[in-house]
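A.B. asks: Okay, predicted coordinates and the sequence, questions at the end:
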Amino acid sequence: MANSTTVTGNLTREPEIRYTKEGQATAQLGIAVNRRWQDRTTQEWQEAVSFFDVICWRDLAENVALSLSKGMRVVVTGRLEQRSWETEEGEHRSKVEITADEVGPSLRFATADVHRVERRSAADEVADEVTSI
C-alpha cells in the first residue's frame, strides 16, 4: 500500500457507529496522539498533541464499536484521505482522515482478551430469509 500510516494514541470519544442505506456499518473514532520531548537548549520538557479522525467500515466498524471505548490506547493502520466541502456560508473546508485497515488495542500499558468473531456468509443470510418466509 503506497499511502499507509500507523498512529498510536488515545480515543477521545466513544466510537460512533452508523449504517448506510445499504446496511453497511461505518464507525468514526477520534484519536489524540501525544508527543513529548526534551528541548536540548533549555532542558525543559515540551509536549504537542495531534488529533485524528478515523473512519472504519463493515466488520471492522462493528468490532471497534463493540470492543473499544473512550480513553483506550489504540493502534490504527490505514490510509490518509482528504475530504473537502463547502459550509453554508460558502467557505471551503477540508480535512485529512484516516480510513482504517486495522485497529487494535495497544498492549504497551494494558492487556486484552481476544475473541474470534464468526462471520455469517451472505448465502447463510439468504437461507435464513427463505426459511422464515
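C.D. replies: Great, that's in hand.

A.B. asks: any weak-confidence spans in the chain?
C.D. replies: Applying pLDDT under 70 to the chain flags the ranges 1-2, 120-133.

A.B. asks: element containing Glu62?
C.D. replies: helix 58-67 (DSSP states H and E).

A.B. asks: ok, and what's touching that helix?
C.D. replies: Residues outside helix 58-67 that contact it (CB atoms under 8 Å, 6 or more residues apart in numbering): 15-17, 24-27, 29, 56, 100-103, 105, 117, 119. C-beta: built from backbone N, CA, C; applies to glycine.

A.B. asks: Can you name the element that comes right after it?
C.D. replies: strand 73-86.

A.B. asks: Within its sheet, name the partner strands of that following strand and how each one runs.
C.D. replies: Within its sheet, strand 73-86 is paired with strand 5-11 (antiparallel), strand 92-105 (antiparallel), according to DSSP bridges.

A.B. asks: Please put the alpha-carbon coordinates of it into PDB.
C.D. replies: The C-alpha trace of strand 73-86 is given here as PDB (Å, rounded to 0.1, in the frame of the first residue of the first chain):
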ATOM      1  CA  ARG A  73      -4.900   3.400  23.800                       C
ATOM      2  CA  VAL A  74      -5.200   2.000  20.300                       C
ATOM      3  CA  VAL A  75      -3.000   1.400  17.200                       C
ATOM      4  CA  VAL A  76      -4.600   2.300  13.900                       C
ATOM      5  CA  THR A  77      -3.200   1.400  10.500                       C
ATOM      6  CA  GLY A  78      -4.800   2.800   7.300                       C
ATOM      7  CA  ARG A  79      -4.600   5.300   4.500                       C
ATOM      8  CA  LEU A  80      -4.900   9.100   4.600                       C
ATOM      9  CA  GLU A  81      -7.800  10.600   2.700                       C
ATOM     10  CA  GLN A  82      -8.600  14.200   2.200                       C
ATOM     11  CA  ARG A  83     -12.200  15.400   2.200                       C
ATOM     12  CA  SER A  84     -13.400  18.800   1.100                       C
ATOM     13  CA  TRP A  85     -16.700  20.600   1.500                       C
ATOM     14  CA  GLU A  86     -18.300  24.000   1.500                       C
END
